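**Student:** below are the sequence and a predicted model; questions follow.
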Amino acid sequence: MTNSKITIRKRRHVRIRAKLSGTAERPRLSVFRSLSNNYAQLIDDVKGVTIAATSDLKMKGKENKTERAKKVGMELAKIAKDMKIEACVFDRNGYKYHGRIKALADGAREGGLKF
């Protein structure tokens, strides 16, 4: 039986999510990367609602995807600060912690989120 990259990522995601959960005070920062864009959202798992979300859909320019991911992280941190959220739990969604995922996390940290 061959395992595709998607299957392996989903299994990794299940293992990660078994240990992570977000609350209203410390929401879960969930990231998703498609082939062309980056998405991030803050989730309260107790209520099951998305508190804030952002993506790089409107950020078209000369930046590459990694630079746009960093801007998404900084933008989400700014939104979180406006909502008086200082800390979160980082959910890399089964992706390896490098490239765009690492850039988004670094951007969120630069913006002031603690995790």
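**Tutor:** Received, thanks. Residues are numbered from 1 along each chain as shown.
**Student:** and the spatially most central residue of the chain, helix, strand or coil?
**Tutor:** The residue lying closest to the centre of the chain (Cα atoms, centre = their mean) is V31, at 2.7 Å. Here V31 is recorded as strand under DSSP: H, G, I helix; E, B strand; the rest coil.
**Student:** mind listing what it touches?
**Tutor:** Applying Cβ atoms under 8 Å, 6 or more residues apart in numbering, we find V31 in contact with 38-40, 91-93, 95, 101, 104-105. No exception for glycine: its C-beta is placed from N, CA and C like everyone else's.
**Student:** what do you get if the cut-off is 6 Å, keeping everything else the same?
**Tutor:** Neighbouring residues of V31 by Cβ atoms under 6 Å, 6 or more residues apart in numbering: 40, 93, 101, 104.
**Student:** so of these, which ones are in strands?
**Tutor:** Secondary structure from DSSP state E places A40 of the contacts of V31 in strands.
**Student:** hmm, back to that, now do the contacts for the closest residue to the residue nearest to the centre of the chain other than its chain neighbours.
**Tutor:** Excluding the flanking residues, the one nearest V31 by Cβ to Cβ, 6 or more residues apart in numbering is A40, at 5.0 Å. Contacts for A40 were tallied using Cβ under 6 Å, 6+ apart; they are 31, 54, 72, 76.
**Student:** contact partners for the third one?
**Tutor:** Meaning V72. Going by Cβ under 6 Å, 6+ apart, V72 touches 38, 40, 54, 56, 104.
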